[in-house]
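[1] Generate a structure from the sequence data that follows.
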Amino acid sequence: MIRFLAACLCLTSPLLFASSPYLTEMTPSKDSSVAPLAKLSPLYVGAYGGYGLVSGAYGVDGQTTQGRFALGIDAYTSSYAAIGVEAAVQTGNIARLEVDSALIDAAGGLPLQTVLKPFPDLLLFLRCKLSSFSIFAKGGIAYRQLQFEDRTSSQDTIRRINCDIQAGFGYQISSSARFTMFYQGIYSGRNASVTLAPNNDLILGQIPTQQSGWLGIEYAL
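    Residues are numbered from 1 along each chain as shown. Now for the predicted structure:
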């Protein structure tokens with residue numbers, strides 16, 4: 001009798017363990033519907049629209065809407081801050097310059113119309129995180145080109161590297177998208193410092209300061 005019971009226990013023990021709830025909990029799930037969380041890239045792209053003022057322009061010519069596209073990377077990140085690099089391209093403007101009437105008369109009596117070409121800039125930034133909000137500061141250089149549109153001379157175009165500063169705040173609207181609002185200043189001088197050469201050629205001395213306010217979206221790739 002004892003031998004019979006032992007034989008029955010040996011035969012039924014695999015079935016008992018297979019149906020045990022404890023064994024079921026220990027067995028890894030093969031449910032493929034649960035995917036691991038995706039890790040966001042440190043790279044991001046940004047698209048912005050703004051309104052700004054270029055100094056030294058005649059009337060309201062210096063006031064203009066602007067567009068900007070940026071590519072950046074968070075080189076270092078922590079729970080509270082990020083440090084990185086951003087490169088961008090920004091639209092320019094067409095404006096008449098505000099100069100002395102004597103200079104306009106000497107140059108033919110017509111207003112001096114100029115074109116500020118679209119230009120690139122390169123910035124370093126620090127972003128501090130405060131829950132869903134963030135504040136940031138960026139600083140670097142902008143490579144700008146200004147030229148006369150309505151006349152030519154031996155020195156009718158200048159190219160300058162100027163200081164570019166930005167500061168503002170952001171709001172995280174999703175895990176990968178951030179709304180931003182910021183101020184930009186590219187500093188140089190109050191006007192273009194136009195002079196008249198002995199041969200009556202007009203010479204541009206500098207590219208005036210421009211200041212803008214921006215709204216935009218940044219998206220982590």
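[2] for the residue nearest to the spatial centre of the chain, helix, strand, or coil?
    Centroid-nearest residue in the chain, with Cα atoms, centre = their mean: Ala70, separated by 4.0 Å. Per DSSP: H, G, I helix; E, B strand; the rest coil, the secondary structure class of Ala70 is strand.
[3] Quickly note the distance from it to Tyr48.
    Counting by Cβ to Cβ, to the nearest Å, the gap from Ala70 to Tyr48 is 7 Å. Backbone N, C-alpha and C define where each C-beta goes, glycine included.
[4] Repeat that for Pro118.
    14 Å.
[5] More neighbours: which of these two?
    Tyr48 (21 against 15; other Cβ atoms under 10 Å).
[6] quick one: the helices in the chain?
    2-18, 21-26, 101-106 (DSSP state H).
[7] residue ranges of the strands in the chain, please?
    Along the chain, counting by DSSP state E, strands occupy 43-54, 63-77, 81-90, 93-96, 113-116, 119-130, 133-148, 157-172, 177-187, 195-196, 202-203, 210-220.
[8] Which of these sits closest to Ala106?
    strand 195-196 (5.4 Å; Cβ to Cβ).
[9] Which neighbouring elements make contact with that closest one?
    Other helices and strands packing on strand 195-196, by 3 or more Cβ pairs under 8 Å, 6 or more residues apart in numbering; DSSP states H and E, are strand 202-203.
[10] Tell me which strands the strand it packs on pairs with, and in which orientation.
    Next to strand 202-203 in the sheet, as set by DSSP bridges, lie strand 195-196 (antiparallel).
[11] Quick check: mean pLDDT of the partner strand?
    Here strand 195-196 scores 86 as its mean pLDDT.
[12] can you check stretch 204-214 too?
    Rounded mean pLDDT across stretch 204-214 is 96.
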